[in-house]
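1. here is the input, now give the coordinates:
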Amino acid sequence: MERIYNFEKAIQFLINSIDEKTGGSRAFYSNLFYPFKGWSAPYPETTGYIIPTLFEASNTTGHKHLTQLAINMADWIVSLQTPDGALPGGLYNPQKNNEKSIFNTAQMIIGLIATYQKTNKSKYIDSALKAAKWLTNNQEDDGTWLKFHYQKEFFPSYYTRVAWPMLQTGIICNDHQIQTAATKTLDFINKKTQRNGLVKDCGFKPNSYSFLHTIAYTIRGFLESYLLTKNEEYYNTAFNLAYKLLRKYEFRKKLGGAYYENFKEISWYRCLTGEAQMVIIWLKLFNINNDVRFVNASSKLLDDLCKTQPLKNTLFLKSGGLKGSHPYYGRYISYRQPNWATKFLIDAMLLEETAYKEIEEKLKL
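-> Down below sits the predicted model:
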């Protein structure tokens, strides 16, 4: 792996993020928000989808210990589940019961399924099934949710990332009710696709811009759902938007930190989290269509990302951790190094390595 130094530093950042008491990954590092300790409280949501990253990274030389850390994370998530199957939103606070969350529950399902597939222990898939049933039972007839999410009376399109883990669970457990519920959500969101390729309501608020992060969330949900269902409509929506962003990157050598629904961009800062996600998406599209343009663009963008990654501790930054935005005061997760940004960076590096090995094998033939 050519980026081995960046990779090792990123892995160490995630290891450092793990809270010794809970086993969960703390949401972000910022000595501006937390002057004395630097780290926030653990974050169940992102702990959930960091789990498969640690499993993948454990396959690399010298990282076998990450498997147990990931299993410990899954055990913590199971311990947080309510009797009806829900999982909490927000940062972990042992002094109170956090409100149940549709989106966060789905992200933790990703980790539970990965742990089940790694260990073959039924408690993890049982927990995932319980969570997916809670999501299904609270869904409206049109595939949306009206409660247990961030903005009342607003249903964001990045909930494709709710449908994806529901599909995973429904397929593994042969539960057609869950699969149908997931498809309803995807179909509802897919109808919001505009002529310019952008899906309406990708952001955190209605009638506003969407961070590259949540746009990438929306694309990834469609793409992963396509891989599970082979529904060409989901693929086309994901491909068209991902390709349009690729073309923008090719022409301008950069991506906007956020975009309005008319594709007008906010370009004074970079959303590093979203950029790492786009590298993942482009590489996954390469795996589907073998179009090397996606590898070319992803490698260049990954180069740009690694240049922003601090490789030693500084006054404000923790070694290895990707910032939410560049510059540090950009609008997305300002003045913080979120654990999920580094998680996506690691995923991107691992996928790139796989892509280049595949290309080398084809060239041998």
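2. can you show me the strands along the chain?
-> 28-29, 210-211, 258-259, 265-266, 270-271, 325-326, 337-338 (DSSP state E).
3. can you give the distance of the fourth one from its chain's centre?
-> Once both centres are worked out by CA atoms, centre = their mean, to the nearest Å, strand 265-266 turns out to sit 22 Å from its chain's centre.
4. that one pairs with which strands, parallel or anti?
-> Next to strand 265-266 in the sheet, as set by DSSP bridges, lie strand 258-259 (antiparallel).
5. pLDDT (mean, whole number) over the strand it pairs with?
-> Per-residue pLDDT over strand 258-259 has a mean of 98.
6. kindly report the same for stretch 49-66.
-> For stretch 49-66, the mean confidence score works out to 93.
7. and if you look at stretch 330-349?
-> Mean predicted confidence for stretch 330-349 is 98.
8. give me the buried positions along it.
-> 330, 332-349 (16 or more other CB atoms under 10 Å). Any C-beta I mention is one placed from the backbone N, CA and C, and that applies to glycine too.
9. again, but for stretch 267-281
-> Neighbour count says stretch 267-281 has 269-281 buried, by 16+ other CB under 10 Å.
10. and if you look at stretch 308-322?
-> Those buried within stretch 308-322 under the rule 16+ other CB under 10 Å are 308, 309, 310, 317, 318, 319, 320, 321, 322.
11. what distance do you get for the residue lying closest to residue 194 once chain neighbours are set aside to residue 76?
-> Closest residue to residue 194 apart from its sequence neighbours, by CB to CB, 6 or more residues apart in numbering: residue 200 at 6.2 Å. Counting by CB to CB, to the nearest Å, the gap from residue 200 to residue 76 is 36 Å.
12. do the same with residue 104
-> The separation that residue 104 has from residue 76, given CB to CB, amounts to 14 Å.
13. so these two - more neighbours on which side?
-> Shown here are residue 104 and residue 76; by other CB atoms under 10 Å, residue 104 has more neighbours (25 against 22).
14. any idea which of the strands of the chain gets closest to residue 169?
-> strand 337-338 (25.9 Å; CB to CB).
15. that closest one - contacts with which helices or strands?
-> Where contact means 3 or more CB pairs under 8 Å, 6 or more residues apart in numbering; DSSP states H and E, strand 337-338 is packed against strand 28-29.
16. for the strand it packs on, packing partners?
-> Going by 3+ CB pairs under 8 Å, 6+ apart, strand 28-29 lies up against helix 4-17, strand 337-338.
17. so what strands line up beside the shortest one?
-> Read it as strand 337-338. strand 28-29 (antiparallel).
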